[in-house]
Structures are given as structure tokens and as C-alpha cells.
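Q: give me the fold of what follows.
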Amino acid sequence: MGRRAWLVALAGAAMLAGCQAGAGAPTVVSSASPSASPSFACPIVEGQEPPEGCVPYDPQLMMDVNERYRDHMPIGAEAFAPAQAAADAVRPVLEDLRADGAYPPDAVRAILEGAGLQEVAVSDGPAIVYFDSTGPAGGCVFGWVNEDEVEVEVAGPIMDGACVAAVGH
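A: The predicted structure is shown next:
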């Protein structure tokens, strides 16, 4: 059932339930007093008691947890060793490319693929080329090339399954 059909059916059921109660019949909700259960969130402030009805939270902890998707998962030696070997092989070639003063994305891609890296993704920005790839037996090899340096790292995928976080995250 589509969303629209579902909403129409729900509205119809609600109207029928109202008709069965009889016209003008009062609706009894509850005679109990309102509950004192928490109804809003508020940050923990050291030295202050939270107001009544507040669900306290630690803002820094929430920010840290929100960034966990960027954390790299561990990888086993069987994936790490071949990925590290590939990283060690591409680093000096990328360094030579950088030293020549040009590091076009197509050349970076060719170097990575030539070292046996898979699923190679290359993107460039102003004066920098970013790359990420999957190692020969798993894991991730990623980094960048710019006029000042070459960075090549090996790690497991990040928590959302990719090798690096998407741009804008």
C-alpha cells in the first residue's frame, strides 16, 4: 500500500471511530494528574541542577559520538600487510610526481592501480589531489598529494564502510 493510500485509510478509520462514539459524546482522556516525566533535553552545566522535566545530556559527548562514523575500524594482518606494501610502493612514485611540479589526477590513479590497489577514487581540489582505494587483500590506502607533501595512510574502512568520509561530512 502506498503512503498516500495508507494515510487515507488511517484518516477513514479515525473518522469511523469518532462516529461510533456518537455525536457530541465527551472524550475522556484521563483524570490523573500530569506526569512528571522528562519532557525536554538540556545540557549538563557543572555546578547546576537541571530544571524539572529535563533530560540532561553532555554536549561534548554527543559531538564526539556524532563524529564516530569517521573512525577507522581495525584490520587484520592479512589485509594490512599487502596494503602497507602497496602504500610503500606508491609513496616514492607519488613523491617523484610531486617533485616534478605536476600531479594530475589521472597520473595519481595510474600509480595507485599499477601498485595493485582497487576501487581507486581520485578527486582534486585547488592545488591538491585526494585519493582512496582498497588494498590488494582489503583495508584502505588513502591520502593526498600537494605541492608540499605526499601523505599515504593505511587503515581499515571507516564506520560507514567507506575508506574516507564523504566531502562535506
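Q: for the chain, which segments count as strands?
A: With strands called from DSSP state E, the chain shows them at 40-43, 54-57, 118-125, 128-134, 140-146, 150-155.
Q: can you put the ones you listed in JSON lines and add mean neighbour count and distance to Val108?
A: Heads up, the C-betas are built off the backbone N, CA and C, glycines and all. Listed next are the strands of the chain as JSON lines, based on neighbours: other Cβ atoms under 10 Å; distance: least, Cβ to Cβ, whole Å:
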{"stretch": "strand 40-43", "mean neighbour count": "12", "distance to Val108": "44"}
{"stretch": "strand 54-57", "mean neighbour count": "13", "distance to Val108": "43"}
{"stretch": "strand 118-125", "mean neighbour count": "14", "distance to Val108": "5"}
{"stretch": "strand 128-134", "mean neighbour count": "21", "distance to Val108": "5"}
{"stretch": "strand 140-146", "mean neighbour count": "23", "distance to Val108": "6"}
{"stretch": "strand 150-155", "mean neighbour count": "19", "distance to Val108": "10"}
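Q: out of those, which comes closest to Arg70?
A: The closest of those to Arg70 is strand 150-155. By Cβ to Cβ, the value is 11.0 Å.
Q: give me the angle between the closest one and strand 140-146.
A: Taking axes from the mean of the first three to the mean of the last three Cα atoms, to 10 degrees, one finds that strand 150-155 is oriented at 170 degrees with respect to strand 140-146.
Q: export strand 150-155 as CSV, just CAs?
A: What follows is strand 150-155, C-alpha atoms only, in CSV (Å, rounded to 0.1, in the frame of the first residue of the first chain):
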residue,chain,number,x,y,z
VAL,A,150,52.6,13.3,-0.1
GLU,A,151,50.5,11.6,2.5
VAL,A,152,49.7,7.9,2.2
GLU,A,153,48.0,6.1,5.1
VAL,A,154,46.8,2.5,5.6
ALA,A,155,43.8,1.7,7.8
